[in-house]
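Enquirer: Pasted the sequence and its predicted model underneath.
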Amino acid sequence: MKLPNPHNLVMTNGVKELIKIGNHIGFLDVTELNRNLMAKYDEMPDKVNNGRNDKFFFSFDLKGVKVWAVANEVDGLTVMLPEEY
């Protein structure tokens with residue numbers, strides 16, 4: 001199975017709004033999102049079969065907000081807030 005491409009990124013409306021608000025007040029932008037996502041993606045194993053996180057489904061911290069990255073149908077990752085999952 002092909003690994004999701006972390007550079008092919010989709011954001012839900014909740015994450016887009018978080019970035020928009022964060023960018024407006026100067027504490028968060030898309031560059032920070034990408035940096036945090038890539039750091040966590042690089043830590044994750046390629047694939048696990050025991051229910052643990054891997055490169056297809058994992059969470060990471062974004063300035064104190066927990067967000068999820070989930071493999072999507074366009075061979076990338078969708079980043080979402082927990083309540084959007």
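Expert: Great, that's in hand.
Enquirer: All the helices of the chain, residue numbers only.
Expert: 13-24, 30-43 (DSSP state H).
Enquirer: what's the angle between the shortest one and helix 30-43?
Expert: The directions of helix 13-24 and helix 30-43 differ by 120 degrees, with axes from the mean of the first three to the mean of the last three C-alpha atoms, to 10 degrees as the criterion.
Enquirer: measure Pro4 to Lys47 for me?
Expert: For Pro4, the distance to Lys47 equals 11 Å [C-beta to C-beta, to the nearest Å]. Any C-beta I mention is one placed from the backbone N, CA and C, and that applies to glycine too.
Enquirer: same thing with Glu17?
Expert: In terms of C-beta to C-beta, Glu17 sits 32 Å off from Lys47.
Enquirer: Pick out the shakiest of the helices of the chain, pLDDT-wise.
Expert: Within these, confidence is poorest for helix 13-24, with a mean of 90 (mean pLDDT).
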